[in-house]
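>>> Turn this into a model:
(chains A, B and C)
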Amino acid sequence: MSDSAYSGRGNKDRSIGREPAARSGDPVPAGGKARPAPEGPFLIGEAMTGGYGRGADILHSCTIAVERGEIAVIVGPNGAGKSTAMKAVFGMLNLREGAVRLDGEEITQLSPQDRVLKGMGFVPQTSNIFTSMTVEENLEMGAFIRTDDFSDTMAQVYDLFPILKEKRRQAAGELSGGQRQQVAVGRALMTKPKVLMLDEPTAGVSPIVMDELFDRIIEVARTGIPILMVEQNARQALAIADKGYVLVQGRNAHTGTGRELLEDPEVRASFLGG
Amino acid sequence: MTDRLRAVSLFALVALLILGTGVLQSWNSALLILNMGLVSALMALGVNLQWGFAGLFNVGVMGFVALGGLAVVLTSMPPVGAAWQAGGLRILAGLALGAASVVAAVLAWRRTSGKMRGWIVAAILLVGFFLYRAVFDAGVEAVEAVDAATSGYLGGLGLPVLLAWPVGGLLAAGAAWIIGKTALGLRSDYLAIATLGIAEIVIAILKNEDWMARGVKNVNGLPRPVPYEIDLQADPAFVERAAGFGLDPTTASTLWVKAGYALLFTVVLVIVLILAQLALKSPWGRMMRAIRDNETAARAMGKNVTGRHLQVFILGSAICGIAGAMMTTLDGQLTPTSYQPLRYTFLIWVMVIVGGSGNNLGAVLGGFFIWFAWVQVEPLGQAIMGLVTSGMAEGELKRHLLDSVQHMRLLTMGVILLLVLRFSPRGLLPER
Amino acid sequence: MDLLNAFVALSNFVLIPAIAYGSQLAIGALGVTMVYGILRFSNFAHGDTMAFGTMATIIATWGLQSMGVSLGPLPTALLAIPVGIAACAALVLATDRVVFRFYRAQKVVPVILVIVSIGVMFIYNGITRIILGPDDQRFADGERFIISARDFKEMTGLEEGLAIRTTQGITLVTAVIVVALLFWFLNRTRTGKSMRAYSDNEDLALLSGIDPERVVRVTWLIVAALATIAGVLYGLDKSYKPFTYFQLLLPIFAAAIVGGLGSPLGAIAGGFVIAFSEVAITYAWKKVLEYSLPESLAPEGLVQLLSTDYKFAVSFVILVIVLLFRPTGLFRGKAV
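Just a heads-up that it's a prediction; the model follows:
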């Protein structure tokens, strides 16, 4: 501690607000430019290699892609770099090698904020809502970058998640875990994203709520938005996936359709408990 | 540049600055700066113990300094017999009652539980408060009526004034214990507000409780550990020796007295500095820094973090109390209205940060350096402002500009603090 | 027994002064709480920010007065407040640009920012004293009373008088308007909501495309306005003296912490809790008790719990009690 110039001498009062957990990344700095790159899938993080800060690489030439109208799921054992891979696609990790392309543009040099402007909707695993604000205000904040009238988008979100309409005047922090995740997804949808990225949306919710959340996610996908999702619950997730990526130690171990992976004996043996 | 060379050259620079003052202005001012520099360095050591070693954000330094000042009155002034007869015992009884009801309330809080607890404690405190006021007020009135123009207070114990310095430390330590028991463990800025408040309360008590130290009427003529100038001037041997140095008796006597203080202060500072250095290098000091750098790990290893924090808080405050007693002895009077947080709390903080948090030598250096700057900014500003305004016609604006020079020092201190924080955040002598 | 007179005396000496003082503290505490909620540190320079805004307002007031402008029965200072706010805003925005922004980029822990704010406090202190000097300034003009004690006695025929000073009336009205505006801004406007979002969850706010530097700028603007208004109201009601404003830091922080740092509603509640306790505990209750108790029970002494010199002790004790028993404050602020 005492080697940093601005040591707080043991005073760790960052508890103001909350712990900056999501900031532990090493985001791409602002100011980078996008380049046209018309080839390839709708969204792809290709041959991504990188880690946090100056630490060891976590991802090793890892490739994740999703096409229009698809649900792609990243699964794998603990510490396989699933969330890291998604964060790399979102620019919360400065890649050493590889590229990220979205809708005909190369966006590797864009900061996360700029990627939101390019149409990425990202739902972090934790602290993904404004707890002290009402559900409706959360959605409004989701649409902050939009200058047009977003009331129709809000209506669509309410159609998708009727419970949110019911509770729209309630503080989001007072809702149940599943409802909070719906708020989080709804908030990300408010930008009318070209692609929706979910980091373990079902972490910490009960199995019943989990099934409901998956149903909702399928509904979102049916509206035409491709979805990239990291999941702990591999079996359920692969069941709804058009495409699955099994990562092991930051590398692509198995890739295929959800069904293929579910039926692959090797995948079953190692990750799905037989 | 090595650490040692850096330290030596910076201290040499400060010495040069003070010597320069002696040559260019007067040796009297140089000694004045040196004396208050010594006191400031001691205060900075105390704060550095708390902030540098343990990361405790204490901005109530003024309160502990003032308590040290109070100790001088309580220890060294002769007792006022008439006042003691008029109501001394009554005041003591009142204070005892007050303390007893606080203790009773704390005990009641610990021993009882359930819904009634709060009410019981509140009732004890309320009854205790009125009992205390009933006994205490009459005593105060009687004491303050005794010869109000010249005394009107209980006086002290009539002990040698040097004894007041450790007493000042004890008084400050006692206050620090009470504060530490309640406020340590709070977030840093809450601790800051709490200590800021305590300091204001201490000053309010000093200003208001006339029976104790005459309040805003001040206590003058405190006994001195060094001879009086008048006596020296009347001493033929001294006058002769002064003449030998080519000095007139008046100048020689003031210099001699100040040099005497400087010697005493240096002794105290050196002792405290050595102790602080030993503490820093001892297992205790290493543990303090270990706690500061990783409190969670230290707790997990079974270290009593709160207890250690309380220790270091009390020690640091005691040093500030000693320094406060020394300062009041130097002044020869206790003036409660002169205690201002900017001067006695935040300036000490500037000293610690500029000197180098966590480095005892740095704190001492910062004490001397910032005190020198604090004193010399005014004449310097005056000279500059004199130049600026020399071409201006006499009038309101010129007068205002010349007047405002005295506030330049606040601005300068702020600028120094911000510059150091920005460009050399670890201070002039960084912690190793 | 004369409950009516007792109530009038109570209103005159406790309720009205406490309401006015409470409003001033509340607006001051709102400024502290805004800095805390958005910039996430306790700003020790807030008292001196208030002093600077007030000083600018006073100078503008003198300018208006010398031009012969006045508001009739109302103090001229009300016209000069916008000038004060503008000057104060320029100062705090410049400070943020030169000083605080650097540390924000470094993501330093809050205690470093507090120390930085102490440096800023020194500088503001110097600036206000250099420009206007350290002395008392009274700048209230216009009508002194809405109702004077004598008029009230004549009107009602009661023994006790009830005086409402113009400045007290203005304080309350202004406070209501300021608070209403602030809450409207925070809860109804896009910028206000983005500030709340930023205060709630910085990272998510960034992901939502909220520009943090803009949020910070708007915050400083609001803080400058709140500080200037609080300072001017206090100065009109009592008097302007830089050192008094510095000392106001303690009750203001007490109010903000008691209410729950980071919670605007808490800041207001805290302001009134502190003000009412201070006034009630340092008031000599003899008169009120004489009216409300039967003659045989009438008190002999002043029945003053603490001398007015100890008013700091009151805010301090309340602060400590709240910190010990409910560290997040009455309204659950952000601090843990």
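
>>> Tell me if stretch B:36-50 is near chain C.
No. Figure legend: stretch B:36-50 not in contact with chain C (CB under 8 Å from any CB of the partner chain); closest approach 12.0 Å. C-beta coordinates here come from the backbone N, C-alpha and C atoms, glycine included.

>>> I'd say B:Ala318 and B:Ala176 touch.
Yes. Here B:Ala318 reaches B:Ala176: they are 7.0 Å apart, a contact under CB atoms under 8 Å.

>>> Now do the shared contacts for these two.
Common neighbours of B:Ala318 and B:Ala176, using CB atoms under 8 Å, 6 or more residues apart in numbering or on different chains, are B:Phe64.

>>> Could I get the buried residue list for stretch B:281-296?
By neighbour count with 16 or more other CB atoms under 10 Å in any protein chain shown, stretch B:281-296 contains the buried residues B:285, B:287-293, B:295.

>>> Can I get that stretch as PDB, trimmed to CA atoms?
Extracted in PDB, the C-alpha atoms of stretch B:281-296 (Å, rounded to 0.1, in the frame of the first residue of the first chain):
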ATOM      1  CA  LYS B 281      11.400   0.200  14.100                       C
ATOM      2  CA  SER B 282      10.100  -1.900  17.000                       C
ATOM      3  CA  PRO B 283       7.800  -4.900  16.500                       C
ATOM      4  CA  TRP B 284       5.000  -2.700  17.700                       C
ATOM      5  CA  GLY B 285       5.700  -0.200  15.000                       C
ATOM      6  CA  ARG B 286       5.900  -2.900  12.400                       C
ATOM      7  CA  MET B 287       2.600  -4.300  13.500                       C
ATOM      8  CA  MET B 288       1.000  -0.800  13.400                       C
ATOM      9  CA  ARG B 289       2.100  -0.500   9.800                       C
ATOM     10  CA  ALA B 290       1.100  -4.000   9.000                       C
ATOM     11  CA  ILE B 291      -2.400  -3.200  10.300                       C
ATOM     12  CA  ARG B 292      -2.500   0.000   8.300                       C
ATOM     13  CA  ASP B 293      -1.400  -1.700   5.100                       C
ATOM     14  CA  ASN B 294      -3.700  -4.600   5.400                       C
ATOM     15  CA  GLU B 295      -6.200  -4.400   8.200                       C
ATOM     16  CA  THR B 296      -8.100  -7.500   7.100                       C
END
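
>>> can you tell me if that stretch touches chain C.
No. Stretch B:281-296 stays clear of chain C (CB under 8 Å from any CB), getting no nearer than 12.1 Å.

>>> What are the neighbouring residues in contact with B:Gly156?
With CB under 8 Å, 6+ apart, B:Gly156 has these contacts: B:73-79.

>>> With secondary structure and distance to B:Leu402 added, can I get those in CSV?
Conversion of these to CSV gives the following (DSSP: H, G, I helix; E, B strand; the rest coil; distance: CB to CB, whole Å):
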residue, secondary structure, distance to B:Leu402
B:Val73, helix, 37
B:Leu74, helix, 42
B:Thr75, helix, 43
B:Ser76, helix, 41
B:Met77, coil, 40
B:Pro78, coil, 45
B:Pro79, strand, 48
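
>>> Buried subset of the residues you listed, written for PyMOL?
Buried residues within the contacts of B:Gly156, by 16+ other CB under 10 Å, are selected in PyMOL with:
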select buried, chain B and resi 73+74+75+76+77
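
>>> Need the contacts of B:Gly156 in a markdown table (columns: pLDDT and distance to chain A).
Converted to a markdown table, those look like this (pLDDT from 0 to 100; distance: CB to the nearest CB, whole Å):
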| residue | pLDDT | distance to chain A |
| --- | --- | --- |
| B:Val73 | 96 | 35 |
| B:Leu74 | 95 | 35 |
| B:Thr75 | 95 | 35 |
| B:Ser76 | 95 | 37 |
| B:Met77 | 94 | 40 |
| B:Pro78 | 93 | 45 |
| B:Pro79 | 93 | 45 |
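
>>> biggest helix in chain C by residues?
helix C:212-237 (DSSP state H).

>>> just the angle between the helix or strand following it and helix C:212-237, please?
Using DSSP states H and E, the next helix or strand after helix C:212-237 towards the C-terminus is helix C:242-259. Orientation check (axes from the mean of the first three to the mean of the last three CA atoms, to 10 degrees): helix C:242-259 against helix C:212-237 gives 120 degrees.

>>> Go ahead and produce PDB holding the CA coordinates of helix C:242-259.
C-alpha atoms of helix C:242-259 as PDB (Å, rounded to 0.1, in the frame of the first residue of the first chain):
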ATOM      1  CA  PRO C 242     -15.600  34.200   7.300                       C
ATOM      2  CA  PHE C 243     -14.700  32.400  10.500                       C
ATOM      3  CA  THR C 244     -18.300  31.800  11.400                       C
ATOM      4  CA  TYR C 245     -18.900  30.200   8.100                       C
ATOM      5  CA  PHE C 246     -15.900  27.900   8.600                       C
ATOM      6  CA  GLN C 247     -17.400  26.900  11.900                       C
ATOM      7  CA  LEU C 248     -20.700  26.200  10.300                       C
ATOM      8  CA  LEU C 249     -19.000  23.200   8.800                       C
ATOM      9  CA  LEU C 250     -19.600  21.200  12.000                       C
ATOM     10  CA  PRO C 251     -23.400  21.600  12.300                       C
ATOM     11  CA  ILE C 252     -23.700  21.200   8.500                       C
ATOM     12  CA  PHE C 253     -21.800  18.000   8.400                       C
ATOM     13  CA  ALA C 254     -23.700  16.800  11.500                       C
ATOM     14  CA  ALA C 255     -26.900  17.500   9.700                       C
ATOM     15  CA  ALA C 256     -25.800  15.700   6.600                       C
ATOM     16  CA  ILE C 257     -24.500  12.700   8.500                       C
ATOM     17  CA  VAL C 258     -27.500  12.500  10.800                       C
ATOM     18  CA  GLY C 259     -29.800  12.500   7.800                       C
END
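
>>> Run through the helices of chain A in chain order.
Using DSSP H, helices in chain A cover A:82-90, A:112-117, A:135-142, A:151-160, A:162-166, A:177-189, A:207-222, A:234-240, A:258-263, A:265-271.

>>> which one of these lies closest to chain C?
Among those, helix A:135-142 comes nearest to chain C, with 4.6 Å by CB to the nearest CB.

>>> Check which helices and strands that closest one sits against.
helix A:151-160, helix A:177-189, helix C:190-200 (3 or more CB pairs under 8 Å, 6 or more residues apart in numbering or on different chains; DSSP states H and E).

>>> Now find how far off-centre that helix is within its chain.
Here helix A:135-142 is found 18 Å from its chain centre; the criterion is CA atoms, centre = their mean, to the nearest Å.

>>> List of residues touching that helix?
A:129-130, A:133, A:150, A:154, A:157, A:164, A:167-170, A:172, A:175, A:183, A:186-191, C:190, C:193-194, C:196-197, C:204-205, C:208, C:210.

>>> just the buried members of these?
Using 16+ other CB under 10 Å as the burial test, the contacts of helix A:135-142 include A:129-130, A:133, A:150, A:154, A:157, A:164, A:167-168, A:172, A:175, A:183, A:186-191, C:193-194, C:196-197, C:204-205, C:208, C:210 as buried.

>>> Reformat the helices and strands packed on helix A:135-142 into CSV and put distance to chain B and mean pLDDT next to each item.
Below are those laid out as CSV (distance: least, CB to the nearest CB, whole Å; pLDDT from 0 to 100):
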stretch, distance to chain B, mean pLDDT
helix A:151-160, 38, 94
helix A:177-189, 28, 93
helix C:190-200, 17, 94
